[in-house]
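K.L.:
Fold the following and give me the result.
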Amino acid sequence: QVQLVESGGGLVQAGGSLRLSCAASGRTFSSYVIGWFRQAPGREREFVVTIGRNGGTTNYADSAVGRFTISRDNAKNTVYLQMINLKPEDTAVYYCAAGNSVFSMTSGAYGYWGQGTQVTVSS
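P.N.:
Coordinates of the predicted model:
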């Protein structure tokens, strides 16, 4: 079992940057694939990116390619999401989740979730 806590969200102007963190508790963190999803008001939860257990494999949604970078530090039980050139359409609550396959892009494939962190991008 793993518990996840997101942080780093906030209000930023379009074109700005944020780095989100997903801190995990438990000694099995490195055995999980970690994904980031986001959910805007009135919309379904959307896949953003995943990272494999050792950080060597990543899978990005088209909307994230070239602007978002995921990384992990297993010694710190933390996954990071660096976001640059943010756009108003990136506004959402961002969630990290633990799963088993880096190629899983549906929320149902992830068994553990954090509480989310709000990202708001103003135009």
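K.L.:
For the closest residue to I34 other than its chain neighbours, what is the enclosing helix or strand?
P.N.:
Leaving aside its chain neighbours, I34 sits nearest to V79 (4.5 Å; criterion: C-beta to C-beta, 6 or more residues apart in numbering). For every residue, glycine as well, the C-beta is placed using N, CA and C. Taking DSSP states H and E as the criterion, V79 maps to strand 78-83.
K.L.:
how big is the angle separating whichever helix or strand comes after that strand from strand 78-83?
P.N.:
Next in sequence after strand 78-83, counting helices and strands by DSSP H and E, comes strand 92-99. With axes from the mean of the first three to the mean of the last three C-alpha atoms, to 10 degrees defining the directions, strand 92-99 sits at 140 degrees from strand 78-83.
K.L.:
Flag every buried residue along the helix or strand following strand 92-99.
P.N.:
Sequence-wise, the next helix or strand downstream of strand 92-99 (DSSP H and E) is strand 110-113. Using 16 or more other C-beta atoms under 10 Å as the test for burial, strand 110-113 gives 110, 112-113.
K.L.:
Repeat that for stretch 9-27.
P.N.:
9, 12, 18, 20-24.
K.L.:
Who is the residue nearest to V5 when sequence neighbours are not counted paired with across the strands?
P.N.:
Spatial nearest neighbour of V5, chain neighbours left out: A23 (5.0 Å); criterion: C-beta to C-beta, 6+ apart. Beta-bridge partners for A23, by DSSP bridges, are V5, T78.
K.L.:
With V12 instead?
P.N.:
V121.
K.L.:
so how far is R45 from it?
P.N.:
V12 is 21 Å from R45, where distance means C-beta to C-beta, to the nearest Å.
K.L.:
per-residue confidence for S71?
P.N.:
Per-residue pLDDT puts S71 at 98.
K.L.:
Equivalent analysis for the one 4 residues further on, please.
P.N.:
You'll see A75 listed with a pLDDT of 94.
K.L.:
Quickly name whichever of the buried residues of stretch 9-27 is closest to T117.
P.N.:
G9 (3.4 Å; C-beta to C-beta).
K.L.:
Check that closest one and give its pLDDT.
P.N.:
On the pLDDT scale, G9 is placed at 98.
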